Structures are given as structure tokens and as C-alpha cells.
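J.: sequence isn't available, so here's the structure alone:
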């Protein structure tokens, strides 16, 4: 307009925006549906909200949440992530024995549904009726060859209790997870530019240090987002633990409250809310993890430290 | 040092490559390369792309294995141990030890993106040589100063220009105090106006007596800095000798046509940075004349 000295040069743009009538229609439809849903949730007696909140904080339910859901998820993910990264490194190793073992592991545990795996796991006790002994393999044969009696065993565990308890839960879910994580970690490792390993090797770093200090930290940027998904899936899959049967578990406890009180539906709602709460917290954690491993990839500028030569010495 | 061939006396060149051969999937890339580099020499490898110069450079520090011939660096046979006439492959640890004394600078810098400039430089001295942190840090800061980046220790590679990244990469290689520096087309991935600052650092390094093998297309650098240029084509050394005579007065038809092509292609770009290059060199010299602590406030990037 009058901002430019010359009258025939175009000035600032003041244009009518494009109209989006479709958006308003969508908003109206969604508003109606939301109102219907709210009406259902708050007026339908079957929800029985006071009961829902009461059921959520019953001590067996909380105990199930801590042991069966949170603790098992955490331990299984530790087993899964470390096992998976190990399997991925083995799979990419030039050693054919290591890569063969990794391939077989993944093939086996990825091929079994978790429900089936956990059910079978719980029944593993049948293989070790006299208990599971820890000691030297084929000890009876060794002792026989030495012409002596007795065995070389240090401890004996009750296999039924072992496999049907927390140990079985973590073992089953963890190994199954490791098979998936192996593929995720492998993709992450392969995503790192080959020049990175070459640069590290040219500096004289051995292959182990190259992997641990240079390749894996960069692979994490690709590994972390799907691992977050896996952790969320793991929270949900702990609801399968009754197959072992592990009864210290959220969903089993809530559904048994439901069947005892004949208030089945509100108990399921209580379980739904708990799972949503836990997965929401995990999503927040994932955000911070991604930010940490995104270092140096243009996501955040480091604090603007001015570097004085003498002052910088203390930190490191 | 028990190499049976030339004993490690003063006459032994630092790099002694004999009849080096390499094939990739049946494609013979190196067809018997001989090259001697004496301590303190700067050798420029020239030649069209696909001539094998980069492959040869990578063979020297065993980023590629060779199929035939031998390479000795400072009297050490690379990659093998000669036990009474039989070659035994070295294990990974021994190969890593051999690489320690050979610095390498890559075309695409290959800085570690998850580490700051300072951490990039400190990584190998700490992890490979087991130096203590404070010492490594002190030396890394000195090296950053030397390449004119004293104000960038905490910058991540993504926050640096290509020229700055390459200078950090040079400092990273120097941190291992190598006997030999290999440069694989160090300025080819740079915008023309950033080439000068990297060449200036390399010139400085050459003046200080570093032994260098440089694969490059920068003819003026080769002419002015190299003690010897080696022109390769089709996996063989076509011509080698004094840079001025090879570049100004090539004997072989292949060298002639390559140099003619280089001149016509690079004339336009080389002309502008040339003047800028002198300014950068002057500045680098200036930086080194004054004490490290009071850095030039005009130094911009």
C-alpha cells in the first residue's frame, strides 16, 4: 500500500485465506459424537465409576501392577534390549558360528506366539521333575570315568516354581522380546554410515570399542523410537502372564474382582485406565530418551559455553 | 621389526610399497603399484577417478586388504607377519596397533556426530593409547588452536561448516601423533570457498615436516607443496616425479589429457578461491605467530 515509495510496486500482502468448509463439518460431526460418548460414559449405570476407582486401588490390584506389570516389563525389557543388541552384533559378526546362533535364536523366539510361549514355559517343570540342578554338565559320566561316586552339583531348584513365577515371566517375555529387538538393533547398526567405523579403525580402535563407543551410540537414534513401542507393547503383553500362571498381575486381579463381585465391566474399565496411565508415562520417558540420543544431530543446540582454556580443565 | 627385506636403517623409506595388487570382484583396480615415501616427504597422488589412487591409499592403512605385493610402513610389514618365508595374517588387535601410527583424513570427514569437536579429538588418545583425560584434553585444545578452531571445542560436527569439520578431522588424526598422514581427497566434498582453509592447514603441516600422502585434484596445491607427484591411471603409475615438471611438462599422453581436462574444468572455480586461499594462509600464519591465549578476534567462521 503506502509502504513503498513508488505506487506501481506491490506492497504487503493482505489476501483472503482459502476457506476450509470441510473442517467445520468435521468439527461438527466430532462434537456430536463426543457428546454422545460423554453421555454414555457418565449416564450409563454399567460404568459404575465409584466402583471403578475403588477397584483400581485394591491392594492385590496394586500388587499386581507393581510386580506383574511394572517390574516384569522393566526386567523383560532389560533382558530383551541387551539380548537383542547382543544378538544383532552377533548376527553382523564375520564369525559364522556367532551369526548362525543369532539367526537360530531369532527364528525360534520370533516364531512362537507369546501366549503359547508363556503357557509352555509354565509347563517346563515337567522336564525337571527332580528339580533343576546347577553343576557341571554330565557330571555323573565324569565321576564314573574317574571311578568315583556322587555328583558335582551345587544347588537344586524347584523347576515348577521357577518357571511358573517371576523368573519364568521375565525369561519368556525377555527372550521373545530379544528376538524382535535383535532385528531392530540390526537395522540401527546398519543405519550408521560405514565411514564411522572406518574412521574409528583408522585411529587404531579395535572392533569392540568401535562398536561400543562409535557405532552403537549412533545406532541408538534409530533403535530408541521402536524400542519405546516395544516397551509399550510389553506392558500390554504382561496381561498374558496368567498363562504361566503368574497371578500377581494387574489384569488377572481385576478380572477376578469382576467375577467375584459380578461387576465385570467396571473391572475391565479399571484395567483399561491403568494400562493407559502406564503407557502414557512411558511415552513421556521415550521423548526424553530420543532427545538424549539425538545429540549432535541438529535437534538441540548445546548450552553456549564459552571456552576458556584454563577454566575448562576441571570438568571433563 | 623383524622384516627380512630391507633393514630398518636410515635409507629405508617410511612407506615402501612393492607391486601392490587389488581386485574387487574380479575387477583389477591396482595392477602392481610401487611407491617409496621417505620421512618428511609430501606425495600427491593424481589421476582420473577410478584410477585406483583412493584404493591404494586405503590399502596402506589396511582399510582394504591387498591381494598381492607388500607394503611396509616404518619397517613394519602391513597386515602380515613373515615367519621364515611364510606369511601369517595378523589378528585384529595387531592390525589396530599398526594403524595407530597412521593418520587418515577422509573425503567426507567422518567425524563422530554424537561427540563434540573436542571429544572427537580426545576419543582415540584416551581409548586407544590410554592417555588420561586431562592430558588428552589439553592436547586436543592445542590441536584445535593449531587448526584455527580454538573457539569451537564444544560444537557438534553438525554445527560446523564443511571446512571446519575437515580441520577438526585433521586435528583428530594428529592427536594420535602419527608418523604418516593419509589424505583421501580432503577438499573434494567442500564448497569452493572452504577449500582454502583446509589446504592452508595441510600446507602448514607439510612445512612442519609431516610425511603425507595426499590424493587430490587440487593442482596448485600439488605443484606448490608436494615433493613428488604420482600420476595414476587404470591401476598403474603412469608417471611420477618433480611436481613442476610432471604438471607443467607431462611426458605421457594420458597425463597430458588428464591435466588438460583438469585445467578446463577447474579453471573457473580455482580462479576465485586462489586469491582467498592466500588470505587464509596469511591468516593461519598470523594465528601461529601470536601466543595461543590471545586469539585473533577477527578470526571468523
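T.: In hand now; what should we look at? Here the structure is a predicted model, which means the values were calculated and not measured.
J.: and the gap between residue B:236 and chain A?
T.: 26 Å (C-beta to the nearest C-beta, to the nearest Å). C-beta coordinates here come from the backbone N, C-alpha and C atoms, glycine included.
J.: list the contacts for that residue?
T.: B:31, B:32, B:33 (C-beta atoms under 8 Å, 6 or more residues apart in numbering or on different chains).
J.: so which of those residues belong to helices?
T.: In helices, judged by DSSP state H, none of the contacts of residue B:236 are found.
J.: what's the closest of these to residue A:131?
T.: The closest of the contacts of residue B:236 to residue A:131 turns out to be residue B:33 (C-beta to C-beta; 67.9 Å).
J.: now, of the contacts of residue B:236, which are buried?
T.: With neighbours counted by 16 or more other C-beta atoms under 10 Å in any protein chain shown, these contain buried members at B:31, B:33.
J.: for residue B:185, state which of the contacts of residue B:236 is nearest.
T.: Each of those was scored against residue B:185 by C-beta to C-beta, and residue B:33 proved nearest at 17.6 Å.
J.: enumerate every residue touching the closest one.
T.: B:17, B:19, B:20, B:21, B:52, B:56, B:69, B:232, B:235, B:236, B:237.
J.: hmm, try it at 6 Å
T.: B:20, B:56 (C-beta atoms under 6 Å, 6 or more residues apart in numbering or on different chains).
J.: distance of it relative to chain A?
T.: 20 Å.
J.: likewise for residue B:141?
T.: According to C-beta to the nearest C-beta, residue B:141 and chain A sit 6 Å apart.
J.: so that residue sits in a strand?
T.: No - counting by DSSP: H, G, I helix; E, B strand; the rest coil, residue B:141 is not part of a strand but helix.
J.: any low-confidence regions in chain A?
T.: For chain A, the stretches with pLDDT under 70 are A:1-7, A:296-316.
J.: those strands in it, which residues are they?
T.: In chain A, the strands defined using DSSP state E lie at A:132-135, A:153-157.
J.: cool, and the stretch 51-200 of chain B?
T.: For the stretch 51-200 of chain B, the strands defined by DSSP state E, counting those that start in this stretch occupy B:68-73, B:76-77, B:80-83, B:86-89, B:102-105, B:180-184.
J.: of those strands, which is nearest chain A?
T.: strand B:102-105 (3.9 Å; C-beta to the nearest C-beta).
J.: follow-up on the earlier one: tell me which of the strands of chain A lies nearest to chain B.
T.: Nearest to chain B among the strands of chain A is strand A:132-135 (34.7 Å), distances taken as C-beta to the nearest C-beta.
J.: still on that earlier bit, ranking the strands of the stretch 51-200 of chain B by burial, who's on top?
T.: Across the strands of the stretch 51-200 of chain B, averaging neighbours per residue (mean count of other C-beta atoms under 10 Å in any protein chain shown) puts strand B:102-105 on top, at a mean of 26.
J.: would you format the strands of the stretch 51-200 of chain B as JSON lines with distance to residue A:201 included?
T.: JSON lines is the format used below for these (distance: least, C-beta to C-beta, whole Å):
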{"stretch": "strand B:68-73", "distance to residue A:201": "16"}
{"stretch": "strand B:76-77", "distance to residue A:201": "17"}
{"stretch": "strand B:80-83", "distance to residue A:201": "18"}
{"stretch": "strand B:86-89", "distance to residue A:201": "16"}
{"stretch": "strand B:102-105", "distance to residue A:201": "9"}
{"stretch": "strand B:180-184", "distance to residue A:201": "13"}
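J.: JSON lines please, covering the ones you listed and showing distance to chain A and mean pLDDT.
T.: Output for these, formatted as JSON lines (distance: least, C-beta to the nearest C-beta, whole Å; pLDDT from 0 to 100):
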{"stretch": "strand B:68-73", "distance to chain A": "13", "mean pLDDT": "95"}
{"stretch": "strand B:76-77", "distance to chain A": "13", "mean pLDDT": "94"}
{"stretch": "strand B:80-83", "distance to chain A": "18", "mean pLDDT": "92"}
{"stretch": "strand B:86-89", "distance to chain A": "13", "mean pLDDT": "93"}
{"stretch": "strand B:102-105", "distance to chain A": "4", "mean pLDDT": "96"}
{"stretch": "strand B:180-184", "distance to chain A": "8", "mean pLDDT": "97"}
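J.: on that earlier part again, which of the strands of chain A sits most buried?
T.: It is strand A:132-135: most buried of the strands of chain A by mean count of other C-beta under 10 Å, with a mean of 14.
J.: tell me the contacts of the closest residue to residue A:83 other than its chain neighbours?
T.: Once flanking residues are discounted, residue A:83 sits nearest to residue A:178: 3.2 Å by C-beta to C-beta, 6 or more residues apart in numbering or on different chains. When contacts are counted by C-beta under 6 Å, 6+ apart, residue A:178 touches A:80, A:83, A:84.
J.: the first one: how many residues sit nearby?
T.: Which is residue A:80. A count of neighbours around residue A:80, defined by other C-beta atoms under 10 Å in any protein chain shown, yields 27.
J.: got the contact list for it?
T.: By C-beta under 6 Å, 6+ apart, the contact set of residue A:80 is A:174, A:177, A:178, A:181.
J.: return the distance of it relative to chain B.
T.: 24 Å.
J.: could you list every residue that touches residue A:252?
T.: residue A:242.
J.: circling back to that earlier point, ChimeraX command to pick out the buried ones of the contacts of residue A:80?
T.: Here is the ChimeraX command that picks out the buried ones among the contacts of residue A:80, judged by 16+ other C-beta under 10 Å:
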select /A:174,177,178,181
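J.: and the contacts of residue A:80, which is closest to residue A:226?
T.: When the contacts of residue A:80 are compared for distance to residue A:226 (C-beta to C-beta), residue A:181 wins out at 8.8 Å.
J.: the closest one contacts residue A:84, correct?
T.: Yes - counting by C-beta atoms under 6 Å, residue A:84 is a contact partner of residue A:181 at 2.4 Å.
J.: from residue B:98, how far out is the closest residue to residue A:207 other than its chain neighbours?
T.: Nearest residue to residue A:207 in three dimensions, chain neighbours excluded: residue B:92, at 5.9 Å (C-beta to C-beta, 6+ apart). Using C-beta to C-beta, to the nearest Å, residue B:92 is found at 11 Å from residue B:98.
J.: residue A:156 reaches residue A:130, doesn't it?
T.: No - with contacts counted by C-beta under 6 Å, residue A:156 stays clear of residue A:130, the gap being 8.0 Å.
J.: circling back: the more surrounded of residue B:92 and residue B:98?
T.: Using other C-beta under 10 Å, the more surrounded residue of residue B:92 and residue B:98 is residue B:98, with 18 against 11.
J.: quick one: that one from chain A, how far?
T.: 8 Å.
J.: still on that earlier bit, distance to residue A:263 for the strands of chain A - can I get that in JSON lines?
T.: Formatted as JSON lines, these follow (distance: least, C-beta to C-beta, whole Å):
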{"stretch": "strand A:132-135", "distance to residue A:263": "42"}
{"stretch": "strand A:153-157", "distance to residue A:263": "40"}
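J.: relative to residue B:252, which of those strands is closest?
T.: Nearest to residue B:252 among these is strand A:132-135; the distance by C-beta to C-beta comes to 74.9 Å.
J.: select, out of the strands of the stretch 51-200 of chain B, the one closest to residue A:236.
T.: Per C-beta to C-beta, nearest to residue A:236 of the strands of the stretch 51-200 of chain B: strand B:102-105, 48.7 Å.
J.: what comes into contact with the closest one?
T.: Applying C-beta under 6 Å, 6+ apart, the external contacts of strand B:102-105 come out as A:202, B:61, B:169, B:170, B:173, B:178, B:180, B:181, B:182, B:183, B:186.
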